[in-house]
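[1] I'd like to go over a predicted model; first the sequence, then the structure.
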Amino acid sequence: MRYLKHKKLLVLGTLACLCLALLWLQAPQPFVRVTFLYSTNDTRIGVFRLENDLTEPVHAIQGVFERKSRHGWVLDTDAGAVEVGGGDLRVGTAATRVFQIFVPTNAGPYRLVLFCCPESKVGAAYVPGPRRSLGRLMPLLGVPIRWQGRVAGWYFPASQSFRKAPPIEQGQL
């Protein structure tokens, strides 16, 4: 009889821990946003705007392009990771930066997802106790990079979808 009581308590405790973990790993508020503005005349270059509504500067370190498929948004492995602003685009408190990067030229639609780190969270030393332990364990368990980043306090803003614009012909001007 005691065995069943302890088993019930163990199951309830495990469920409570799982619920707390799910609440803890929820996506942060969209304080950092990226917007696709337009393609230049050279359609390989896209112009984007990064907006920071945080109370501290943010660093956009790199980004990836995701392609829309019938299964949702998937990583575009042809484009790989893209460097933003020379590898570290810094946007001040409550500020906006416009930047240009090369965009994929094959069929789309695409969206740009940036890896943004608040200035106070640069480096691994800031992560407090249990989060630090969990952060070290997550790569070993194969947890997706976005979840790992969320535990560390990173933001992953995604632009709206876009397609490459057809090149402007001389006769069309």
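    Received the coordinates, thanks.

[2] any idea how far the residue most central in space within the chain lies from R111?
    Taking CA atoms, centre = their mean, the centroid of the chain lies closest to F156, which sits 2.0 Å from it. F156 sits 11 Å away from R111, going by CB to CB, to the nearest Å. Where C-beta positions appear, they are placed from N, C-alpha and C, glycine not excepted.

[3] check R67 too.
    Taking CB to CB, one finds R67 at 8 Å from R111.

[4] which residues are in contact with each of the two?
    Applying CB atoms under 8 Å, 6 or more residues apart in numbering, one finds that R67 and R111 are jointly contacted by W73.

[5] quick check, D76 in contact with K68.
    No: counting by CB atoms under 8 Å, K68 is not a contact partner of D76; they are 9.9 Å apart.

[6] mind listing the shared neighbours of these two?
    Common contacts of D76 and K68 (CB under 8 Å, 6+ apart): Y110.

[7] wait, what's in contact with F162?
    Counting by CB under 8 Å, 6+ apart, F162 has contacts F36, S39, G46, V103, G108, P109, Y110, R111.

[8] so what's it bridging to?
    Y110 (DSSP bridges).

[9] tell me which two of the contacts of F162 sit farthest apart.
    Comparing all pairs in the contacts of F162 by CB to CB, the longest separation belongs to S39 and R111, at 14.1 Å.

[10] returning to that earlier point: for Q62, see how far away the residue nearest to the centre of the chain is.
    F156 is 11 Å from Q62, by CB to CB.

[11] what's the overlap in contacts for the two?
    L114, F115.

[12] remind me which residues of this protein are low pLDDT?
    Applying pLDDT under 70 to the chain picks out residues 1-4, 19-20, 22-30, 43, 79, 122-136, 138-139, 145-146, 164-173.

[13] where along it do the helices fall?
    Ranges of helices within the chain are 2-24, 129-141, 145-152, based on DSSP state H.

[14] which parts of the last one are buried?
    By that I understand helix 145-152. By 16 or more other CB atoms under 10 Å, the buried positions in helix 145-152 come out as Q148, G149, R150, V151, A152.

[15] and that helix, what other elements does it pack with?
    Packing contacts for helix 145-152, counted by 3 or more CB pairs under 8 Å, 6 or more residues apart in numbering; DSSP states H and E, involve helix 129-141.
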